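Peer 1: predicted model, plus sequence, below.
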Amino acid sequence: MKLRSLLSLVLALVLCAGLAALTWLFQSGLRSYSVSTSEQAVHVRTEALGTFLSRSLFEEWQRVERAAERVSGEFEPALAEATIVGLEPNIDKFSWIGIADRSGTVLAASGGMLEGENVAQRPWFQQGLAGPFAGDVHEAVLLAKLLESNNDDPIRFVDFSAPIRDERGQVAGVLGAHVNWEWVEQLATEAAGRLQLDAFILNRAGTIILQTDPSVSDVSGLRSFRAASLGVETTENEVWPDGETYFATTLPQFSYQSLPSFGWSMVARLDPTYVQGAETTFRTQMLTMAAAVFLLMLVAFGVIAAILLRPLRSLAENFLQLARGEPTPYVREHRRFAEATILSDAIALLQSRLGAQGRSSANSSSNETPQ
């Protein structure tokens, strides 16, 4: 084997060993970085989703409270109807808006629904007599037969209400609004999609009341949902029923400013493609770059080795000619590196000695020639 080939093979083996070690370190570091980044990403995005939903509900709650304040002081049927009309442009959010007097009789309502009916036993009315109220999601009771649902699921609302006061500041009635739960679901689904999350909202009993991915079921065994039922904030990396591993964060509660807490908690998982896609792309780029550098170094070493070993090859051929007793051309001095210098000096010394021996033999022969 030529020295050049041997050196190239040794360099290739050393580079492969170094590349393997660097690849292991790179993979370990990349995985740790991906885990840390994913945990932070799912936690921050889940908090952002919770804040967004809470703020959206807070704004509607404030709208109901301000409408009740406008009616206060001049609590008349005509003004009550005008207030309802003013809120009806938001009917995609409010399934029903109504104003009831202190006895619970509905004086005015969107679409005339429940006008003249008594709602004194409804929680939104009872709580609204005491102050601004926000109630947990529930199925429709009195309005179940009056409203049409877009699907087979039961109609559900979130209740908002606020007291209406007369000129003396006494409670004269209650303004109530039923927020359409389908609007909340649509809001959550769109926001979660933009954040690359699948979100699940649970009530105080630990029952899922909203999920942006309806295909998910049987989550009772997941640590993140157990943490939600215990009111513990966690970030988990676990296998879900579909066999995929997700990073998931549990928010034990979320609200916005003065909006009363519904007792909701949220579990949100990060789309695995968020991690896998970026990680795979980066890994492919780095491995491609490493392979290119590896080949470039081999080629560069081959060229450099050829340049450096050329004098040694020439000197080796000269040595072989000397050993065979063949005429050897003058060997110029090589000063590129010490080994070549030593070999060129040795060949020059041998050449000079052989030349001296040749001249001595010639002189002896000429002296022995008869006169």
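Peer 2: It's in.
Peer 1: which residues does residue 259 contact?
Peer 2: 54, 57-58, 61, 134 (C-beta atoms under 8 Å, 6 or more residues apart in numbering). For glycine as for every other residue, the C-beta is placed from the backbone atoms N, C-alpha and C.
Peer 1: no, scratch that, I was asking about residue 253
Peer 2: Residues near residue 253 by C-beta under 8 Å, 6+ apart: 231, 261, 263-265.
Peer 1: swap in residue 223?
Peer 2: Here residue 223 is in contact with 234, 236, 238 (C-beta under 8 Å, 6+ apart).
Peer 1: the helix or strand encompassing the last one: which residues count as buried?
Peer 2: In other words, residue 238. Using DSSP states H and E, residue 238 sits in strand 234-239. Across strand 234-239, burial judged by 16 or more other C-beta atoms under 10 Å covers 234-237.
Peer 1: how about the backbone phi and psi for residue 190?
Peer 2: Main-chain torsions, residue 190, degrees, to the nearest 10: phi -70, psi -40.
Peer 1: just the pLDDT at it, thanks.
Peer 2: The score at residue 190 is 95. That number is its pLDDT.
Peer 1: neighbours of it, how many?
Peer 2: 11 (other C-beta atoms under 10 Å).
Peer 1: now swap in residue 50 and tell me
Peer 2: Neighbours of residue 50 (other C-beta under 10 Å): 23.
Peer 1: my assumption is that it lies in a helix; please confirm.
Peer 2: Yes: per DSSP: H, G, I helix; E, B strand; the rest coil, residue 50 lies within a helix segment.
Peer 1: how about the helices in the stretch 51-200 of the chain?
Peer 2: 77-87, 123-128, 181-194 (DSSP state H, counting those that start in this stretch).
Peer 1: most packed of those?
Peer 2: Per residue and on average, the most neighbours among the helices of the stretch 51-200 of the chain fall to helix 123-128, with a mean of 20 (mean count of other C-beta atoms under 10 Å).
Peer 1: quick one: contacts of that helix?
Peer 2: Taking C-beta under 8 Å, 6+ apart as the rule, helix 123-128 contacts 100, 104, 119-120, 133, 135, 159-163, 174-176, 178.
Peer 1: which one of the residues you listed is nearest to residue 194?
Peer 2: Nearest to residue 194 among these: residue 160, at 26.1 Å, using C-beta to C-beta.
Peer 1: contacts only, for the closest one.
Peer 2: Counted by C-beta under 8 Å, 6+ apart, residue 160 has contacts 60-61, 64, 124, 133-135, 176-179.
Peer 1: partner residues bridging it?
Peer 2: Judged by DSSP bridges, the bridge partners of residue 160 are residue 134, residue 177.
Peer 1: average pLDDT across stretch 36-45?
Peer 2: Stretch 36-45 shows a mean pLDDT of 85 in the predicted model.
Peer 1: need the residues that contact it.
Peer 2: Defining contact as C-beta under 8 Å, 6+ apart, one finds that stretch 36-45 is touched by 195-197, 235, 237, 247-249, 268-270, 274-275.
Peer 1: how's the protein carved up into domains?
Peer 2: As given by automatic domain parsing, the domain ranges for the chain are 12-56+196-272, 57-184, 279-353.
Peer 1: so where do the strands sit in the stretch 1-150 of the chain?
Peer 2: 94-101, 106-109, 133-139 (DSSP state E, counting those that start in this stretch).
Peer 1: make JSON lines from those strands and add mean pLDDT and mean neighbour count to it.
Peer 2: Shown next, in JSON lines, are the strands of the stretch 1-150 of the chain (pLDDT from 0 to 100; neighbours: other C-beta atoms under 10 Å):
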{"stretch": "strand 94-101", "mean pLDDT": "89", "mean neighbour count": "25"}
{"stretch": "strand 106-109", "mean pLDDT": "88", "mean neighbour count": "21"}
{"stretch": "strand 133-139", "mean pLDDT": "90", "mean neighbour count": "18"}
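Peer 1: okay if I get the ones you listed as CSV plus distance to residue 80?
Peer 2: Shown next, in CSV, are these (distance: least, C-beta to C-beta, whole Å):
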stretch, distance to residue 80
strand 94-101, 4
strand 106-109, 4
strand 133-139, 19
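Peer 1: residue 50 is nearest to which of those strands?
Peer 2: Residue 50 sits nearest to strand 133-139 of all those, at 15.6 Å, using C-beta to C-beta.
Peer 1: what does the closest one contact?
Peer 2: Strand 133-139 has contacts (C-beta under 8 Å, 6+ apart) with 57, 61, 123-124, 127, 154-162, 181, 184, 203-204, 209, 259-260, 262-264.
Peer 1: can I get stretch 281-300 in CSV? Just the C-alpha atoms.
Peer 2: C-alpha atoms of stretch 281-300 as CSV (Å, rounded to 0.1, in the frame of the first residue of the first chain):
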residue,chain,number,x,y,z
THR,A,281,-34.8,19.7,9.2
PHE,A,282,-32.0,21.0,11.4
ARG,A,283,-30.5,17.5,11.8
THR,A,284,-30.6,16.8,8.1
GLN,A,285,-28.9,20.1,7.4
MET,A,286,-26.2,19.5,10.0
LEU,A,287,-25.5,15.9,8.8
THR,A,288,-25.3,17.0,5.2
MET,A,289,-22.9,19.8,6.1
ALA,A,290,-20.8,17.4,8.1
ALA,A,291,-20.6,14.9,5.3
ALA,A,292,-19.7,17.7,2.8
VAL,A,293,-16.9,18.9,5.2
PHE,A,294,-15.7,15.2,5.6
LEU,A,295,-15.4,14.7,1.9
LEU,A,296,-13.8,18.1,1.4
MET,A,297,-11.2,17.4,4.1
LEU,A,298,-10.4,14.0,2.4
VAL,A,299,-9.9,15.6,-1.0
ALA,A,300,-7.9,18.5,0.5
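Peer 1: mean confidence for that stretch?
Peer 2: On average, stretch 281-300 scores 74.
Peer 1: also stretch 267-278?
Peer 2: 76.
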